[in-house]
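Q: Okay, predicted coordinates and the sequence, questions at the end:
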Amino acid sequence: MKKVAVILSGCGVFDGSEIYESVCTFLALEKAGVNYQCFAPNIPQTKVVNFITQEPMNESRNVLVESARLARGNVKDLAMIDVNDFDALILPGGFGAACNLSNFAEKGADCVIAPEVKTVINIFKNEKKPVGFICIAPAIAAKIYGDNLKCTIGNDKGTASALEAMGAKHQDCAVNDIVIDEQHKVVTTPAFMLGQNISEVSAGIEKLVNAIIKMA
């Protein structure tokens, strides 16, 4: 049975992993009969947000601990991952991908990827194992793969320009669809970069999961 690693970035769209995107990913993997294991870096969150007001809160939280909320406790420190145990990797979106797993939210095309995240994705890349990036997470893909990587974040021109400045080749894409780069074995879908509801987002994520499994 194939096994997929999922990298989370906290819990909640404004300062961690997008919950609906993550749950849709888990559900699609289960429906496909694939085992998965969640991981997250053991680092402080860049910020903590009040989800009612969307204003920053004066407190500190840990990405791994917060990811455990989303994974019902079944999450491991990313430093513990053995890539040999997995056939593929998926990164859900949410602001955490752009501020905890990277600083894309602040630096755009000049962003830096968190060291552990960069190391793990590079191993999957070098071993030619497929990786799926959801929502804003393709910004991480653009930084690591570059080289005219075909990817999508939907149709937001500003974000697409930043991805292309990092060497990617952005393609507009509907929320319920995916972009596949066969050469790099990367699959992307816009999810809530474009979607208005869970059912729209779920359709694209399920296509992404199935494409990743087929590639593995």
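A: Received, thanks. Residues are numbered from 1 along each chain as shown.

Q: biggest helix in the chain by residues?
A: helix 198-215 (DSSP state H).

Q: What residues sit buried inside that one?
A: 200-213, 215 (16 or more other Cβ atoms under 10 Å). Backbone N, C-alpha and C define where each C-beta goes, glycine included.

Q: What of stretch 41-55?
A: Neighbour-count burial for stretch 41-55 flags 41-43, 45-49 (criterion: 16+ other Cβ under 10 Å).

Q: Send over it as PDB, restricted to the C-alpha atoms.
A: What follows is stretch 41-55, C-alpha atoms only, in PDB (Å, rounded to 0.1, in the frame of the first residue of the first chain):
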ATOM      1  CA  PRO A  41       8.300  21.600  11.800                       C
ATOM      2  CA  ASN A  42       8.800  22.100  15.500                       C
ATOM      3  CA  ILE A  43       9.200  25.900  15.300                       C
ATOM      4  CA  PRO A  44       7.300  28.900  16.700                       C
ATOM      5  CA  GLN A  45       4.500  30.400  14.600                       C
ATOM      6  CA  THR A  46       5.400  33.700  12.900                       C
ATOM      7  CA  LYS A  47       2.200  35.100  14.300                       C
ATOM      8  CA  VAL A  48      -1.000  34.200  16.100                       C
ATOM      9  CA  VAL A  49      -4.300  35.500  14.800                       C
ATOM     10  CA  ASN A  50      -7.700  36.100  16.400                       C
ATOM     11  CA  PHE A  51     -10.000  34.400  13.900                       C
ATOM     12  CA  ILE A  52     -13.000  36.500  14.800                       C
ATOM     13  CA  THR A  53     -11.300  39.900  14.300                       C
ATOM     14  CA  GLN A  54      -8.400  38.700  12.100                       C
ATOM     15  CA  GLU A  55      -6.100  40.800  14.200                       C
END
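
Q: ok, residues contacting that stretch?
A: 10, 12, 14-16, 56-57, 59-64, 66, 77-79, 95-96, 99-101, 103, 114, 116-117 (Cβ atoms under 8 Å, 6 or more residues apart in numbering).

Q: How about stretch 94-106?
A: Here stretch 94-106 has contacts from 7-10, 12-19, 21-22, 41, 43, 45-47, 49, 63, 91, 111-114, 117, 135-137, 139-140, 143, 162, using Cβ under 8 Å, 6+ apart.

Q: Out of those residues, list just those in strands.
A: 7, 91 (DSSP state E).

Q: Filter the contacts of stretch 94-106 down to the buried ones, PyMOL style.
A: The PyMOL selection below is limited to those of the contacts of stretch 94-106 classed as buried (16+ other Cβ under 10 Å):
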select buried, resi 7+8+9+10+12+13+14+15+16+17+18+21+22+41+43+45+46+47+49+63+91+111+113+114+117+135+136+137+139+140+143+162
